[in-house]
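S.K.: Build me a structure from this.
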Amino acid sequence: MNQASSPRGRRALLAAAIAATLTIPFAGANAQTPTGAAAYPSKPVRIIVGFAAGTGPDIVARLLAQKLSEGWGNQGVIVDNKPGAGGLIAAGEAARATADGYTLMLGETGQLSIAPSSYNKLPYDPAKDFVPVSQVVTSDFALLINPQKVPSRNVKDFVSWTQQQKGLFLATFGAGTPGHFGAFMFGDAVKLKPEPVHYRSTADALGGLFSGDVQGVFASVGLAAPQVKSGKLLALGTTGATRTNALPEVPTIKEQGYANLEFSSWFGIVAPANTPAPIVAKLSADIMRAVQSPDGKAKLEEAGFKVTGTSAADFGRIIAADTVTWGKAVAATGFKAD
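M.R.: The predicted structure is shown next:
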């Protein structure tokens with residue numbers, strides 16, 4: 001009897017065969033899963049949002065949460081709104097969260113690229129306390145007015161009308177937000193000095209518009225579209241390079257003769273620093289798949305956003321580049337929040 005045909009030999013060969021199969025990567029559903037992230041997520045994931053329900057960031061977070069949950073076999077994805085201080089409260093909490101992939105933040109331009117220039121002290125360091133995961137969407141802004149209070153139907157009429165008033169008062173959703181500096185950019189373009197009026201919430205700012213306490217506000221198209229379509233507010237123009245699909249009948253401000261006025265913001269997922277790289281890689285891939293799927297893309301575009309869905313590395317480059325760009329805009333205004 002040779003060694004291979006003996007009981008001991010057969011057992012050795014079987015053990016070797018089993019060991020060999022354990023080293024072969026599984027070719028099924030987990031073939032694209034980075035090592036160390038195969039079991040992620042195994043419990044509900046929380047996405048912190050620094051703005052109230054119904055705002056642009058909240059809309060994006062909830063649509064993303066739905067698509068991620070579906071892709072994860074209906075694993076729970078919870079949107080946790082922490083409004084206040086232009087998103088700084090939420091960012092501070094997210095920065096201190098456990099770095100395990102189960103607490104994320106839907107960050108926006110103001111929190112991650114503008115705040116470092118407009119605040120002397122922050123409860124977090126955007127560059128050190130977060131790791132980029134994926135930019136989800138970009139958003140143009142719409143200049144909204146209350147047609148019951150402001151007798152203008154385009155930007156030039158609005159400029160002419162405000163020149164006859166005691167000042168140009170524009171609401172913002174918080175000091176240091178893109179809409180705040182967008183108001184200054186608008187003032188530069190139309191040769192007027194705006195007086196930004198900072199509100200604590202979106203609802204308060206819109207309330208000021210309805211009451212006539214302010215004359216206009218730059219709101220994300222996702223937030224503006226329902227107000228415009230319902231007839232409650234009027235959009236005089238949008239701030240993108242081209243018209244937005246959500247409000248195709250509204251011309252850009254550039255179209256109306258103000259060639260230098262173009263700005264937008266973005267929303268994207270970041271995780272606390274030191275979140276394991278395999279989990280970040282899986283999150284990034286899953287987010288890109290979710291928002292670029294036909295259904296996910298259609299829903300986000302219908303809500304007024306432009307879908308991007310970038311890699312983690314690309315999002316990191318965007319944050320860094322915009323920190324420089326917006327830093328120049330902040331410096332030009334001389335604004336400091338503290």
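S.K.: Report the buried residues of stretch 230-240.
M.R.: For stretch 230-240, the neighbour count (16 or more other Cβ atoms under 10 Å) marks 233-240 as buried. C-betas here are computed from N, CA, C, even on glycine.
S.K.: so of the residues you listed, which ones are in strands?
M.R.: Using DSSP state E, the members of those that fall within strands are 234-238.
S.K.: Okay, and the beta partners of the residue nearest to the spatial centre of the chain?
M.R.: Nearest to the mean C-alpha position of the chain, by Cα atoms, centre = their mean, lies residue 267 at 1.2 Å. Beta-bridge pairing of residue 267 under DSSP bridges involves residue 108, residue 137.
S.K.: Run through the stretch 51-200 of the chain and note the low-pLDDT ranges.
M.R.: For the stretch 51-200 of the chain, no stretch is flagged by pLDDT under 70.
S.K.: Tell me where it has strands.
M.R.: Taking DSSP state E, counting those that start in this stretch, the strands of the stretch 51-200 of the chain run over residues 77-81, 103-108, 130-145, 168-172, 194-198.
S.K.: need those in JSON lines with mean neighbour count, can you?
M.R.: Shown next, in JSON lines, are these (neighbours: other Cβ atoms under 10 Å):
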{"stretch": "strand 77-81", "mean neighbour count": "18"}
{"stretch": "strand 103-108", "mean neighbour count": "27"}
{"stretch": "strand 130-145", "mean neighbour count": "26"}
{"stretch": "strand 168-172", "mean neighbour count": "23"}
{"stretch": "strand 194-198", "mean neighbour count": "18"}
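S.K.: Quick one, which of those gets closest to residue 306.
M.R.: strand 130-145 (4.7 Å; Cβ to Cβ).
S.K.: Out of the strands of the stretch 51-200 of the chain, the one nearest residue 302 is which?
M.R.: strand 130-145 (12.0 Å).
S.K.: what inclination does the closest one have with respect to strand 103-108?
M.R.: 40 degrees (axes from the mean of the first three to the mean of the last three Cα atoms, to 10 degrees).
S.K.: Just the CA trace of strand 130-145, in CSV.
M.R.: Only the C-alpha atoms of strand 130-145 are listed here, as CSV (Å, rounded to 0.1, in the frame of the first residue of the first chain):
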residue,chain,number,x,y,z
PHE,A,130,-12.5,63.4,8.9
VAL,A,131,-11.6,61.0,6.1
PRO,A,132,-13.4,61.7,2.8
VAL,A,133,-15.6,58.9,1.5
SER,A,134,-17.5,60.1,-1.5
GLN,A,135,-19.0,63.4,-2.9
VAL,A,136,-22.6,62.6,-3.5
VAL,A,137,-24.1,65.6,-5.3
THR,A,138,-23.5,69.2,-6.2
SER,A,139,-26.2,71.9,-5.9
ASP,A,140,-26.7,75.2,-7.6
PHE,A,141,-28.6,77.9,-5.8
ALA,A,142,-31.7,79.9,-6.7
LEU,A,143,-32.3,83.5,-5.8
LEU,A,144,-35.8,83.3,-4.2
ILE,A,145,-38.1,86.2,-3.6
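S.K.: how far away is residue 144 from residue 219?
M.R.: 5 Å (Cβ to Cβ, to the nearest Å).
S.K.: which residues do the two both contact?
M.R.: residue 227 (Cβ atoms under 8 Å, 6 or more residues apart in numbering).
S.K.: any idea where the helices of the stretch 201-338 of the chain begin and end?
M.R.: Taking DSSP state H, counting those that start in this stretch as the test, the helices found in the stretch 201-338 of the chain are 202-211, 221-229, 277-292, 294-302, 312-333.
S.K.: burial of the spatially closest residue to residue 42 that is not a sequence neighbour, as a residue count?
M.R.: Closest residue in space to residue 42, ignoring its immediate chain neighbours: residue 75 at 8.0 Å, by Cβ to Cβ, 6 or more residues apart in numbering. Counted with other Cβ atoms under 10 Å, residues neighbouring residue 75 total 15.
S.K.: Tell me which of the strands of the stretch 51-200 of the chain lies nearest to residue 300.
M.R.: Among those, strand 130-145 sits nearest to residue 300 (Cβ to Cβ), with 5.8 Å.
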